[in-house]
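# Build me a model from this:
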Amino acid sequence: MVSSVGAKAASTARPVPSPHASTTCWRRLLRRRADQPTKTWEQLYAFARDFGRQSAYVEAISAVDIALWDLWGQSLGQPVHALLGGAFRDRVTAYATGGYYGTDYRDGARVLADLEKETAAYAAGGFGILKMKVGLLPVEADAERVAVVRRVVGDNIKLLADANHAYNAATAIRMGRELEKHGVLWFEEPVIPEDRLGYRKVRDALAIPIAGGECEYTRYGFRDLFVGQCVDIAQPDLCVCGGFSEWLKIQALASSFGVMTIPHVWGSGVALAAALHALATIPPSPHTANPVALQNEPVVEFDRTHNPLRDELLCEVRPRSGRASGAAGARPGRERQQRHAVQVPHRAVSTASRLFGAAIPRASGAA
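Purely as a prediction, here's the structure:
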């Protein structure tokens, strides 16, 4: 016979995590409905609260959530952005991400020559916004790289800079002042994600908008960024922060703090397709009759490095020399070219369900 004390201990025992997050997710998904993604998210997260609030487990939940929204949309014949509340736009301005450091980054002359050629190609290919990397070299050397890019692409191309949390606050402020000289329109991840006070110091010292959040998990991480007045632009990654279900909450929080939301996109084709559906649902902030990219209208990241998991997995959204087409069912050679923009798919994410659909049945039984 179990005593009352023993019964209480048994009822409050912490769950034992599986050594593999995906295994834990799959086991708890069996016999669930595919049309209740938010309920499933909350239950999976509650189960993992003691061991997985900021970990690969949340990334696994993100994958499951994206797939469930996709399956639900397919069952209704509706795109995910319709389920999320409706699209404010059918195409999104794209910015090219490049300007990475090569293995020869110590060869200053070659670095600058390669950077000139690369960024000139992006501008000639139709991109009106470019994002480059900073942070690996001394501030003076990276400032010279930024100056070269500005000279090559001219004043009509908008520039963004991403440090990938390479600096402490003091050095980030020095770099930020160099960026401001060249009209850079955001400074991404200037300090490590744990340094909320550092974010605040950098933001207080500079006029350039501060972006960050790709390393944050769930609405709770973004709540702390917003309350701490750390960022001007929130960058949740749908494949990290919790998927579409959590995206809705993060976007609502951001709007209440007057923070623009522009999702981070890097990695797979699923990440890009999911981000396009999310971006379609963001209202102009503030509302305007004339949306302007980066001012009151979101943009989408288009990393330009070769990536088979993105370039070969996607069949509906493909960059073409700085232009992209995302029309549902488009065939190679028949894409409609859109200068500077990516068209929002008019059906479900679809790629996600190919990855997860076999493991998540369209259950119609008990929840």
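# Just the buried positions in whichever helix in the chain runs longest, please.
Longest helix in the chain, counting residues (DSSP state H): helix 56-76. Across helix 56-76, burial judged by 16 or more other C-beta atoms under 10 Å covers 57-74. Heads up, the C-betas are built off the backbone N, CA and C, glycines and all.
# again, but for stretch 220-237
For stretch 220-237, burial by neighbour count (16+ other C-beta under 10 Å) applies to 221-223, 225-226, 230-237.
# From these, which land in strands?
Among the buried residues of stretch 220-237, the members found in strands (DSSP state E) are 233-234.
# Between which two of the buried residues of stretch 220-237 is the distance greatest?
Asp232 and Asp237 (17.7 Å; C-beta to C-beta).
# SS state for the most centrally placed residue in the chain?
Closest to where the C-alpha atoms of the chain average out (C-alpha atoms, centre = their mean) is His264, at 2.1 Å. Three-state assignment for His264 (DSSP: H, G, I helix; E, B strand; the rest coil): coil.
# could you pull out the strands for the stretch 151-300 of the chain?
158-162, 187-188, 210-212, 233-234, 260-261, 299-303 (DSSP state E, counting those that start in this stretch).
# residues making contact with the first one?
Okay, so that is strand 158-162. Applying C-beta atoms under 8 Å, 6 or more residues apart in numbering, the contact partners of strand 158-162 are 95, 97, 128-134, 146, 149-150, 153, 179, 182-189, 211, 293-294.
# Please, a ChimeraX command that selects the buried ones among the residues you listed?
Listed next is the ChimeraX selection for buried residues among the contacts of strand 158-162, using 16+ other C-beta under 10 Å:
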select :95,97,128,129,130,131,132,133,134,146,149,150,153,179,182,184,185,186,187,188,189,211,293,294
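# Out of the contacts of strand 158-162, which sit inside helices?
Within those, residues falling in helices by DSSP H are 146, 149-150, 153, 179.
# now the strands of the stretch 151-300 of the chain as CSV including mean pLDDT and distance to Gly198?
Listed next are those as CSV, based on pLDDT from 0 to 100; distance: least, C-beta to C-beta, whole Å:
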stretch, mean pLDDT, distance to Gly198
strand 158-162, 98, 16
strand 187-188, 98, 13
strand 210-212, 98, 11
strand 233-234, 98, 17
strand 260-261, 97, 21
strand 299-303, 93, 24
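# hang on, the earlier thing: let me see the residues that make contact with the helix or strand following the longest helix of the chain.
Downstream of helix 56-76, the next assigned helix or strand under DSSP states H and E is helix 80-83. By C-beta under 8 Å, 6+ apart, the list of residues contacting helix 80-83 from outside reads 69-70, 72-73, 76, 87, 244, 274, 277-278, 280-281, 344, 348-349.
# average pLDDT for helix 80-83?
What helix 80-83 shows for mean pLDDT is 95.
# and what of stretch 264-275?
On average, stretch 264-275 scores 90.
# What are the buried residues along it?
Using 16+ other C-beta under 10 Å as the test for burial, stretch 264-275 gives 264-266, 268-275.
# Just name the closest of the residues you listed to Pro37, please.
The closest of the buried residues of stretch 264-275, once distances to Pro37 are taken by C-beta to C-beta, is Ala274, at 12.5 Å.
# how much distance is there from stretch 52-69 to the middle of the chain?
14 Å (C-alpha atoms, centre = their mean, to the nearest Å).
# ugh, typo on my part, it should be stretch 213-227
For stretch 213-227, the distance to the chain centre is 13 Å (C-alpha atoms, centre = their mean).
# could you give me the average pLDDT of that stretch?
Per-region confidence: stretch 213-227 scores 96 on mean pLDDT.
# which residues sit against it?
Stretch 213-227 is contacted from outside by 45, 53-55, 58, 165, 189, 193, 196, 199, 212, 231, 234-237, 240-242, 246, 249-250, 253-254, 257, 259, 264, 266, using C-beta under 8 Å, 6+ apart.
# buried ones in whichever helix or strand Ala46 is part of?
Assigned by DSSP H and E, Ala46 falls within helix 37-48. Judged by neighbour count using 16+ other C-beta under 10 Å, the buried positions of helix 37-48 are 37-38, 40-41, 44-45, 47-48.
# Could you list the low-confidence segments of the protein?
The chain contains residues with pLDDT under 70 at 1-26, 315-341, 345-367.
# all helices of the stretch 251-367 of the chain, in order?
Remark: helices assigned in the stretch 251-367 of the chain by DSSP state H, counting those that start in this stretch are 269-280, 308-311, 351-356.
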